[in-house]
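# please find the sequence and the predicted model below.
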Amino acid sequence: MAYKAKKCDNCSKLFIPISSTQMWCSDCLLKSCENCGKQFKVRNKSKFEKSRYCSVSCKRAHLSKIMVGEKGANYRNGNRLKSTVMCDNCGTEFRKDNAQIKRWKHHFCGRKCQIEFYQREENKLSGEQSPKYSKVNTICEWCGKTFKSYKSTAYEVRFCSMNCRNNWQSEMMRGENHYNWRGGITGQRQIDMARKEYRHWRISVFQRDKYTCQICGDSRGGNLRAHHIKPYSVFKNLRYDIDNGITVCDDCHKKIHSQLDIQSDPQYNLLMKLRRLAEMTSPTESDGE
């Protein structure tokens, strides 16, 4: 669409506008970039006073030159200004913020120099020499030993080691003192089997027999049982005797208790009965066919 010629509001020169709202001629809308000096065209007269740069890159380049020091947008009493310091490790000069210079005693040009500096024997900051060291003395509730603990967790830490914690729990959280106490409904055998003495005896029997059933040779994991040769309920002094234990699989263990009347004949040599049971459970010629 062609528009009629009109007079420019700025220089009074006649020009043909390219839109109905154009009030200045093209020559009056030209402006020089403050960074590169290049002529660029402003969109309209309302943008003329505010337009200073031909592009965003020119704006950034110009502001990076003039907005430094006290003219910087983030200037705070000179803390954001940089000063020249010397690396305490290699002696190289480099620029660093004044705020960082005031904060730290030593200055380094890089992480590598920092590591090399503190690896030297005279500069090591470990243990109580470290500025972050904040441990305090704490007394173990079980053994009474004094040990170091952090201030933030000193009121929570009660034991010097996991072994002391386990010993305390095994003694103090027993019977009515245990949080799962239900009035003593658990049988004595189940209570004894949960003790660490019984668990130690069981593992020792397995290790001696190389985790293999001594009757049929089964060695599947989770299928083995530690059996008392002389009854657990009768021979109380042999409950945790390793020589009174034998490794058997679950099937052989069931056959032992179903076919041998142990309670009525406690003095009998059970190993002889186990050998006969092994002969009963061994494969026959008919089974091979």
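Perfect, thanks for sending it. Numbers count the residues shown, from 1 in each chain.
# in the stretch 51-200 of the chain, which spans are helices?
Secondary structure of the stretch 51-200 of the chain (DSSP state H, counting those that start in this stretch): helices located at 56-66, 98-103, 111-119, 162-172, 188-193, 196-208.
# can you lay out those helices as JSON lines showing mean neighbour count and distance to Glu34?
C-betas here are computed from N, CA, C, even on glycine. Shown next, in JSON lines, are the helices of the stretch 51-200 of the chain (neighbours: other C-beta atoms under 10 Å; distance: least, C-beta to C-beta, whole Å):
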{"stretch": "helix 56-66", "mean neighbour count": "12", "distance to Glu34": "6"}
{"stretch": "helix 98-103", "mean neighbour count": "12", "distance to Glu34": "30"}
{"stretch": "helix 111-119", "mean neighbour count": "13", "distance to Glu34": "40"}
{"stretch": "helix 162-172", "mean neighbour count": "13", "distance to Glu34": "71"}
{"stretch": "helix 188-193", "mean neighbour count": "11", "distance to Glu34": "89"}
{"stretch": "helix 196-208", "mean neighbour count": "14", "distance to Glu34": "83"}
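# any weak-confidence spans in this protein?
1, 69, 73-80, 126-129, 131-132, 184-186, 259-289 (pLDDT under 70).
# and the residue nearest the centre of it?
Nearest to the geometric centre of the chain sits Thr153, at 17.7 Å (C-alpha atoms, centre = their mean).
# for His62, which non-adjacent residue is closest in space?
Distance criterion C-beta to C-beta, 6 or more residues apart in numbering; nearest residue to His62, sequence neighbours excluded, is Asn35 at 4.0 Å.
# contact partners for the one you found?
Contact analysis of Asn35 by C-beta atoms under 8 Å, 6 or more residues apart in numbering lists Tyr53, Cys54, Cys58, Lys59, Ala61, His62.
# can these go into CSV with extra columns for distance to Lys13?
As requested, the contacts of Asn35 are exported to CSV (distance: C-beta to C-beta, whole Å):
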residue, distance to Lys13
Tyr53, 27
Cys54, 24
Cys58, 29
Lys59, 31
Ala61, 34
His62, 31
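# looking at those, which is nearest Lys6?
Of all the contacts of Asn35, Lys6 sits closest to Cys54, with 27.3 Å by C-beta to C-beta.
# count of neighbours near that closest one?
19 (other C-beta atoms under 10 Å).
# can you pull the contacts of it?
Applying C-beta under 8 Å, 6+ apart, the residues near Cys54 are Cys33, Asn35, Cys36, Lys38, Phe40.
# narrow those to just the buried residues.
Cys33, Asn35 (16 or more other C-beta atoms under 10 Å).
# CSV for the contacts of Cys54, including secondary structure?
What follows is those, written out as CSV (DSSP: H, G, I helix; E, B strand; the rest coil):
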residue, secondary structure
Cys33, coil
Asn35, coil
Cys36, coil
Lys38, coil
Phe40, strand
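# in three-state terms, label Lys31 for me.
strand.
# residues in contact with it?
Gln39, Phe40, Lys41, Val42, Phe48, Ser51.
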